[in-house]
Structure formats: structure tokens, C-alpha cells
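Enquirer: Pasting the sequence and the predicted coordinates here, then a few questions.
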Amino acid sequence: MIVPDITNHRHATAEVFAQAVADRIAKQLRLGVEDHGAASLAVPGGTTPGPIFDALAKMQLCWARVAVTLTDERWVPVSDRSSNEALVRHRLLQGPAAEAHMIGLYDASPKPSLGIPGAETALRQLSRPLDAVLLGMGGDGHFASLFPGLPDLAEGLNPESATICIASDAPINGQPRLSLSLGFLLRSRLILLAIRGADKLAVIERAKTAAASELPIAAILRQGRVPVEIHFTEE
Ligand SMILES: O=C(O)[C@H](O)[C@@H](O)[C@H](O)[C@H](O)COP(=O)(O)O
């Protein structure tokens, strides 16, 4: 098995952290457009990405050739303040980046499991593999919407599975959710894990030996297919 290629990047301040992650994403997207004429990016919701999106949106690159999708979505309309698509539209698809193509996961289906066919059809628009995947992580070790205790977690964390989307029709962390699977996220060229706070660094340390069922991020740390960059700031 390939030894996981994990590089750690510690940044002194939240501002430096956001700019560094944005710079790394921009570099990867430029490479994608140069190498194969288009690039694709998957991003999460939560509180960490906002400043990263603000910095990334200002960057000059061929945004018209870039598709942006979500690693997961809360099953709420884009008009809802907790919508991840709304976060991306308000904070990333601005300025130069307004030309990027947004591929959302939410549709008007009453629950996420009924939204899977539409999401999978939408995801087929992506240039594959994904040029970059940005992930956050919760204090429970979840990434995207792959939470400990999720009924379909084993399937969602199976790197060999062809499953693209995992639905949680029951609310989890506030709302029903749709998540991309690990198998889908590993069809990418680079994973950037952006975490803030010493408590999350402690979770990463625990995840090096814990079961992925306990700390799902362990599945990202243990896979040997995609380079992982962990970007961290104490702030
Ligand atoms: O929809 C979401 O909430 C995200 O996709 C989720 O996986 C997030 O990345 C983590 O919960 C970390 O969130 P913070 O960035 O707020 O710590």
C-alpha cells in the first residue's frame, strides 16, 4: 500500500491560514485548467471555509473553466441561512470567481435520499477527477456529512465503494444531509484538510490510531491514494 502522503502546514494566524489554503486551491485549479482545459473543486460548509472563500474569490484564474461543488449539503433550500450552496454563492462565487460554475446537491425532493439521483446527475458535469477537495472536520472527527453513528457510515467510508452520495434523512447536526462518499472524494488529485483550534489537532492525533467508525477522519488519514495537506492554525 502506498504510504499516505500527508504534509502538515501550521499557520501563525487565521488570516495567514485562510490565504495559504486559498493560494493552494488556486494553484491546483490553475494546474487543472492548464493540464486538461477545465478544473473542479469540492468544498464543505461550516465556519472555517468562509475566510478561505473570501481570499480565493479574489484570485485571478480562468474561473469560467472551473466547476465548484459541495462535499455535502444540509437538506434546506438555498434561501436558508444554513445552506452550504448559499455559503458558496455568497462567499466564493463573487468577484472574479463569479464566473465559476456551481454544481449544487440540493433539489426540491422532500428528503435527501430522494435527492440522490438528481445530485448524481448533477455531479456528472464535473471534470474528473476533482482537482481539489477542501474538507473541514468536526470535533467528533466527521468530515463532509460523514458523522460517527450515521446508519450508512460504513458504506460512506468504504474507499472501494462505487456509491457517490450518502443520505441522512434523519437530522444529523441540525438538519437532514446529503454527503459525498469517501470513494467519490478519493477520485481527486489533492485533499486539503483545513482545521482551526488545538482541540481539532488533538482529534487528528487520536485519529491516527482510532477506528474510522469512531473518528471518520481516520479514513482520510489512512487512505493511500490521494495526497493530503493538513492546514492548521491555533486561532
Ligand atoms: O456542512 C458542514 O457543516 C460541513 O461540511 C462540515 O463537514 C464541516 O466541515 C465541519 O462540521 C467543520 O465545521 P467548522 O468549519 O465549522 O469547524
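Expert: Good, I have the coordinates.

Enquirer: now the longest helix along the chain: how far from the chain's centre is it?
Expert: Determined from DSSP state H, the single longest helix within the chain is helix 14-36. Distance, stretch centre to chain centre, for helix 14-36: 14 Å (Cα atoms, centre = their mean, to the nearest Å).

Enquirer: now check it, is it near the ligand?
Expert: No - for helix 14-36, no contact with the ligand is found by Cβ under 6 Å from any ligand atom; the gap never falls below 11.8 Å. Placement of C-beta: from N, CA and C, glycine included.

Enquirer: Now do the SS call for the closest residue to Trp75 other than its chain neighbours.
Expert: Once flanking residues are discounted, Trp75 sits nearest to Pro176: 4.1 Å by Cβ to Cβ, 6 or more residues apart in numbering. Following DSSP: H, G, I helix; E, B strand; the rest coil, the label given to Pro176 is strand.

Enquirer: Pretty sure Pro176 sits against Leu150.
Expert: No - contact criterion Cβ atoms under 8 Å: Pro176 and Leu150 do not qualify, at 11.6 Å.

Enquirer: What parts of the chain come near the ligand?
Expert: Counting by Cβ under 6 Å from any ligand atom, the residues of the chain near the ligand are 44-48, 71-72, 84, 136-138, 142-144.

Enquirer: Tell me how far the lengthiest strand in the chain lies from the chain's centre.
Expert: When the chain is parsed with DSSP state E, its longest strand is strand 165-172. Relative to its chain's centre, strand 165-172 lies at 16 Å (Cα atoms, centre = their mean).

Enquirer: buried stuff in that strand?
Expert: 165-169, 172 (16 or more other Cβ atoms under 10 Å).

Enquirer: For that strand, give me every contacting residue.
Expert: 105, 111-113, 115-116, 119-120, 145-147, 150-153, 155-156, 176-181, 184 (Cβ atoms under 8 Å, 6 or more residues apart in numbering).

Enquirer: what lines up beside it in the sheet?
Expert: strand 175-180 (antiparallel) (DSSP bridges).

Enquirer: So what touches the strand it pairs with?
Expert: 42, 70-76, 82, 105-106, 111-112, 115-116, 119, 123, 144-146, 156, 164-170.

Enquirer: Keeping just the C-alphas, turn that strand into PDB.
Expert: The C-alpha coordinates for strand 175-180 follow below in PDB (Å, rounded to 0.1, in the frame of the first residue of the first chain):
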ATOM      1  CA  GLN A 175     -30.600  19.000   9.500                       C
ATOM      2  CA  PRO A 176     -31.100  16.000   7.200                       C
ATOM      3  CA  ARG A 177     -28.000  15.900   5.000                       C
ATOM      4  CA  LEU A 178     -26.500  14.600   1.800                       C
ATOM      5  CA  SER A 179     -22.800  13.800   1.700                       C
ATOM      6  CA  LEU A 180     -20.300  12.800  -1.000                       C
END
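
Enquirer: quick one: least confident helix or strand in this structure?
Expert: Counting by mean pLDDT, DSSP states H and E, the chain has its least confident helix or strand at strand 6-11, which shows a mean of 92.
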